[in-house]
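Q: sequence unavailable; structure follows:
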């Protein structure tokens with residue numbers, strides 16, 4: 001019966017206003033009631049949950065953004081601290097290098113002084129040895145001269161001179177040369 005009613009209404013409406021546009025008043029009412037029922041069901045069971053999920057998601061996103069900003073600030077602070085520590089480390093390294101250079105120059109100076117002292121000691125030792133060698137050479141030369149003078153005296157006098165007389169002649173000859 002309802003179908004007949006709707007069909008009759010449909011034919012009447014098609015001829016006038018809304019019917020000319022292809023809209024059925026009865027179909028519109030049915031669709032409106034269906035829409036309201038679906039809306040109420042969705043509102044009751046879905047919209048609250050969806051809005052709750054969307055709110056939680058919004059909070060998570062805001063927390064993430066806040067955390068990101070906080071991390072950016074911490075990163076900036078950390079970068080500043082790293083730059084400061086690096087600057088201090090470079091300054092300290094420069095001090096260490098300067099001290100090492102200073103100490104190395106002092107060590108070189110001390111080594112040069114020690115080498116100079118050792119050289120002077122070696123030169124003094126060599127001079128002492130040369131003096132000793134000179135004295136020994138003079139004694140040997142004197143002994144050789146005494147022997148030559150003794151032989152020359154024997155050759156000139158044609159007789160062997162005794163050691164005492166020989167010694168006197170040699171001393172006299174040496175004193176006369178000086």
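A: Thanks, I have it. Here the structure is a predicted model, which is why all the values come from computation and not from measurement.

Q: which helices and strands does the strand or helix carrying residue 156 pack with?
A: In this structure, residue 156 sits in helix 48-157 according to DSSP states H and E. Applying 3 or more CB pairs under 8 Å, 6 or more residues apart in numbering; DSSP states H and E, we find helix 48-157 packed against helix 163-177. Where C-beta positions appear, they are placed from N, C-alpha and C, glycine not excepted.

Q: what does the average pLDDT come to for the helix it packs on?
A: Helix 163-177 comes out with an average pLDDT of 71.

Q: cool, and stretch 111-130?
A: 90.

Q: just checking the distance from it to the centre of its chain.
A: With CA atoms, centre = their mean, to the nearest Å as the basis, stretch 111-130 stands 45 Å off its chain's centre.

Q: and for stretch 88-98?
A: 11 Å.

Q: pLDDT below threshold where in this protein?
A: 1-20, 157-163, 166, 169-170, 177-178 (pLDDT under 70).

Q: and with 80 instead?
A: 1-23, 143, 145-178 (pLDDT under 80).

Q: how near is residue 72 to residue 78?
A: According to CB to CB, to the nearest Å, residue 72 and residue 78 sit 11 Å apart.

Q: typed the wrong thing, it's residue 93
A: For residue 93, the distance to residue 78 - CB to CB - is 22 Å.

Q: got it, and residue 112?
A: On the measure of CB to CB, residue 112 and residue 78 end up 50 Å apart.

Q: just residue 70 next, same as before
A: 12 Å.

Q: what do you get for residue 50?
A: Counting by CB to CB, the gap from residue 50 to residue 78 is 41 Å.

Q: also residue 138?
A: Separation of residue 138 from residue 78 (CB to CB): 88 Å.

Q: try residue 126
A: With distances taken as CB to CB, residue 126 is found 69 Å from residue 78.

Q: can you count the residues close to residue 146?
A: Counted with other CB atoms under 10 Å, residues neighbouring residue 146 total 17.

Q: for residue 78, see how far away it is.
A: For residue 146, the distance to residue 78 - CB to CB - is 99 Å.

Q: residue 86 now?
A: When distance is defined by CB to CB, residue 86 is 12 Å away from residue 78.

Q: likewise residue 54?
A: 35 Å.

Q: equivalent analysis for residue 114, please.
A: Distance from residue 114 to residue 78, by CB to CB: 52 Å.

Q: same deal with residue 31?
A: 62 Å.

Q: please apply the same query to residue 175.
A: 101 Å.

Q: compare these two and say which is more crowded by neighbours.
A: Neighbour comparison, residue 175 and residue 78: the larger count goes to residue 78, with 11 against 8 (by other CB under 10 Å).
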